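Asker: got a predicted structure here, sequence first:
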Amino acid sequence: MAEEQVNVKLLRVSSVVPAIPTLKSRMFLSNLDLFFISFKNQRVMFYKIDQEEMEFSTIVETLKRSLSLVLVEFYPFAGRLDIEGDESGRPEIDCNDGGVEFVEASVAMAFGDLEKEGFRHRSLFKELVRNLDHDLHTSENRTCDRPLLSIQVTAFLGGGLCIGANFHHVIADGSSFWHFMKCWAECSRGLPISYKPQHMREIFERDEKICAMPNVSWRAEEIVTDRIKEAHIFKFVRDDLLPMNHFETSMSTDDATIENVNECSAQIIKPIKYDIDVEMHTFRFSEEMVRKLKDRAQASSSFVAVIAHFWRCLTQAREVPDTEPVDISVIADLRGRVKPPLPPTYFGNCLCLGLVQTSAQRLLGQHVSFAASLIQVLINSCTMEMQLNNMVDWVSSNQSRVISNLIETLRVCPHYATVAGSPKFPVYEIDHGWGEPLNVQPPYLNIGVISLISGREENGGRSIDVSTCLPRHQMDALKRILMMVAP
């Protein structure tokens, strides 16, 4: 059945600044921040509201007031991205209290209809977040007066609303974003912030005038264990420490495609508009299903078990030829892995990328424990402090290149998948005073992205929600396969 076309009506756009003016300063962006300079993240949160007790205008004023309070501590969100940055041309954040964009909107759709559908994804959801266009690279303006965070509050008919958030990835990773959201909710309830953010990005600063940066490459190494054969792991490797069994990968940054990093950051990567019919869908894995998957896959964690199972089903749904390579990447949080460990409240990006590759025949022809072992090896590699240091040095050695070129190269691989999000994020703890959200999800995804978040607590257990986007015929196949091989 064709989806009913409903448009969101913008009511008002304003700017929210910190309640107390903050110290004007320039904030250093680490190489881990610059790695994500061309990306942004979005989430939508749906809340049930008692219209008799609280009007939309009251809710808006509460959210704006509390947002101004929380921005005093999370002031980088109210700043602006300076592309040309310091005298060396390194991008940085101009902490100028420029403000966060706040959008008020409404939609002529009954909230109850979304509830009845279990918040099944609709194309409408794309309109529940404000687009953050950063066409930054102009000769007249080195600092673009565009917000780094946009909040949109959309009222539905019948007592429901959506809070949509869109933020620039260069400012924060998922852990920092959800820390911010939880603190904002505390301010809405009149509570003090439980844990203030720690602004200490300089810990990853490299003094290239004193220390010569090692040459680091993105390369593949064969995985050889008792349980794994015919698979390779891609990671950041110092050229002077290359193992004998490495091989060159076609995922290279050819000089003909390399541009200046400033040009890259001026072109924020947007959702891809596909010429084919695509569908986004969220699959819910109950706590019992996850437990059975862990036992079956002999996995060390729920994350490993779910991803291993989903990767195999996705590969089957895509009908990948046996001899074709299939790839999956994860981005791991390293706050507790560096020395000394960073606090969980570290504000910024502290992530490391890794990728594993095998053939479709190998992935599907082996027991699911084979896929789980590959994912575990990948996570172990990503969470090594040496990998993070090598990634930092890799970005330094590629300052004159498009830092996102690596990820863009991966994104066009026909059988590539990347895992985003984490079931550990407190997505259902964002209570602004009218209860926890009924549903949280990404408003849209590009093909190949697998998004994980925790589901709502049901019957005393916590599920895991897995969202992805595929051509419709592949999505139909994936639904059938997941039902057939459900644990």
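Answerer: Nice, thanks for sending it over.
Asker: you'd agree Phe167 is in a strand?
Answerer: Yes - counting by DSSP: H, G, I helix; E, B strand; the rest coil, Phe167 is found in a strand.
Asker: okay, helices next: where are they in the stretch 201-350 of the chain?
Answerer: Listed in chain order, the helices found in the stretch 201-350 of the chain under DSSP state H, counting those that start in this stretch are 261-265, 287-297, 302-317.
Asker: from the chain's centroid, how far away is the longest one?
Answerer: For helix 302-317, the distance from its own C-alpha centre to the chain's C-alpha centre is 19 Å (CA atoms, centre = their mean, to the nearest Å).
Asker: got it, and the second one?
Answerer: Its chain's C-alpha centre lies 25 Å from the corresponding centre of helix 287-297 when counted by CA atoms, centre = their mean.
Asker: enumerate the positions of that helix that are buried.
Answerer: For helix 287-297, burial by neighbour count (16 or more other CB atoms under 10 Å) applies to Glu287, Met289, Val290, Lys292, Leu293, Lys294, Arg296, Ala297. Bear in mind the C-beta positions are built from the backbone N, C-alpha and C, glycine included.
Asker: pLDDT and distance to Asn131 for those residues - can I get that in a markdown table?
Answerer: As requested, the buried residues of helix 287-297 are arranged in a markdown table below (pLDDT from 0 to 100; distance: CB to CB, whole Å):
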| residue | pLDDT | distance to Asn131 |
| --- | --- | --- |
| Glu287 | 92 | 36 |
| Met289 | 92 | 36 |
| Val290 | 93 | 35 |
| Lys292 | 94 | 41 |
| Leu293 | 94 | 37 |
| Lys294 | 95 | 39 |
| Arg296 | 94 | 42 |
| Ala297 | 94 | 39 |
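Asker: want to throw the helices of the stretch 201-350 of the chain into JSON lines with distance to Phe234?
Answerer: Formatted as JSON lines, those follow (distance: least, CB to CB, whole Å):
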{"stretch": "helix 261-265", "distance to Phe234": "21"}
{"stretch": "helix 287-297", "distance to Phe234": "22"}
{"stretch": "helix 302-317", "distance to Phe234": "16"}
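Asker: what's the closest of those helices to Arg130?
Answerer: Each of these has some distance to Arg130 by CB to CB; the shortest is helix 261-265, at 19.8 Å.
Asker: can you tell me which of the helices of the stretch 201-350 of the chain the model trusts least?
Answerer: Of all these, the minimum mean pLDDT falls on helix 261-265 (a mean of 35).
Asker: ok, back up a step: nearest to Asp50, of the helices of the stretch 201-350 of the chain?
Answerer: Nearest of the helices of the stretch 201-350 of the chain to Asp50, taken as CB to CB: helix 287-297 at 29.8 Å.
Asker: dump the C-alpha coordinates for that closest one into CSV.
Answerer: Included here for helix 287-297 are C-alpha records, laid out as CSV according to Å, rounded to 0.1, in the frame of the first residue of the first chain:
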residue,chain,number,x,y,z
GLU,A,287,16.5,-10.1,24.9
GLU,A,288,15.6,-13.8,24.6
MET,A,289,16.5,-13.8,20.9
VAL,A,290,19.9,-12.1,21.7
ARG,A,291,20.6,-14.6,24.4
LYS,A,292,20.0,-17.5,22.0
LEU,A,293,22.1,-15.8,19.3
LYS,A,294,25.0,-15.4,21.8
ASP,A,295,24.9,-19.1,22.6
ARG,A,296,24.6,-20.2,19.0
ALA,A,297,27.4,-17.9,17.8
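Asker: quick one: contacts of it?
Answerer: For helix 287-297, the surrounding residues in contact (CB atoms under 8 Å, 6 or more residues apart in numbering) are 285, 299, 301-302, 304-306, 308-309, 368-369, 371-372, 461-464, 486-487.
Asker: what subset of these is buried?
Answerer: Taking 16+ other CB under 10 Å as the criterion, what is buried in those is 285, 299, 302, 304-306, 308-309, 368-369, 371-372, 463-464, 487.
Asker: mind picking the two most distant members of the residues you listed?
Answerer: Pairwise distances across the buried ones among the contacts of helix 287-297 (CB to CB) peak at 22.7 Å, for the pair Ser369 and Ser463.
Asker: can you find the helix or strand in this structure with the smallest mean pLDDT?
Answerer: The least trusted helix or strand in the chain, going by mean pLDDT, DSSP states H and E, turns out to be helix 261-265, with a mean of 35.
Asker: quick one on the thing from earlier: could I get the buried residues of helix 287-297 as CSV with distance to Gly336?
Answerer: Listed next are these as CSV, based on distance: CB to CB, whole Å:
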residue, distance to Gly336
Glu287, 25
Met289, 28
Val290, 23
Lys292, 29
Leu293, 25
Lys294, 22
Arg296, 29
Ala297, 25
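Asker: return the member of these nearest to Leu161.
Answerer: Using CB to CB, the buried residues of helix 287-297 come closest to Leu161 at Glu287, 28.6 Å.
Asker: distance of the closest one relative to Val330?
Answerer: Shown here: Glu287 relative to Val330, a distance of 22 Å by CB to CB, to the nearest Å.
Asker: repeat that for Lys479.
Answerer: Relative to Val330, Lys479 is positioned 24 Å away (criterion: CB to CB).
Asker: between these two, which has more neighbouring residues?
Answerer: Here Lys479 and Val330 are compared on neighbour count by other CB atoms under 10 Å; more neighbours surround Val330, at 25 against 15.
Asker: show me the beta-bridge partners of that one.
Answerer: Going by DSSP bridges, Val330 is paired in beta bridges with Gly354.
Asker: helix/strand/coil for Gln152?
Answerer: strand.
Asker: burial measure for it, as a count.
Answerer: Residues lying near Gln152 (other CB under 10 Å) number 23.
Asker: and it, what does it touch?
Answerer: Phe102, Val103, Glu104, Ala105, Leu128, Val129, Arg130, Cys162, Ile163, Gly164, Ala165, Asn166.
Asker: in strands, which of these fall?
Answerer: When DSSP state E is applied, the contacts of Gln152 are split such that Phe102, Val103, Glu104, Ala105, Cys162, Ile163, Gly164, Ala165, Asn166 fall in strands.
Asker: need those residues in JSON lines (columns: neighbour count and pLDDT).
Answerer: Formatted as JSON lines, these follow (neighbours: other CB atoms under 10 Å; pLDDT from 0 to 100):
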{"residue": "Phe102", "neighbour count": "22", "pLDDT": "98"}
{"residue": "Val103", "neighbour count": "20", "pLDDT": "98"}
{"residue": "Glu104", "neighbour count": "21", "pLDDT": "98"}
{"residue": "Ala105", "neighbour count": "20", "pLDDT": "97"}
{"residue": "Cys162", "neighbour count": "27", "pLDDT": "98"}
{"residue": "Ile163", "neighbour count": "24", "pLDDT": "98"}
{"residue": "Gly164", "neighbour count": "24", "pLDDT": "98"}
{"residue": "Ala165", "neighbour count": "23", "pLDDT": "98"}
{"residue": "Asn166", "neighbour count": "23", "pLDDT": "97"}
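Asker: next one: the residue with the largest distance to the centre of the chain relative to Ala231, how far apart?
Answerer: Here the centre of the chain is the reference, and by CA atoms, centre = their mean the most remote residue is Glu52, at 36.5 Å. Here Glu52 is placed at a distance of 59 Å from Ala231 (CB to CB).
Asker: before we move on, the earlier item: which of the buried residues of helix 287-297 lies closest to Glu279?
Answerer: Lowest distance from Glu279 to these (CB to CB) belongs to Met289, with 22.1 Å.
Asker: may I see the buried residues of the helix or strand where Gln357 lies?
Answerer: Assigning secondary structure by DSSP states H and E places Gln357 in strand 351-359. Judged by neighbour count using 16+ other CB under 10 Å, the buried positions of strand 351-359 are Leu351, Cys352, Leu353, Gly354, Leu355, Val356, Gln357, Thr358, Ser359.
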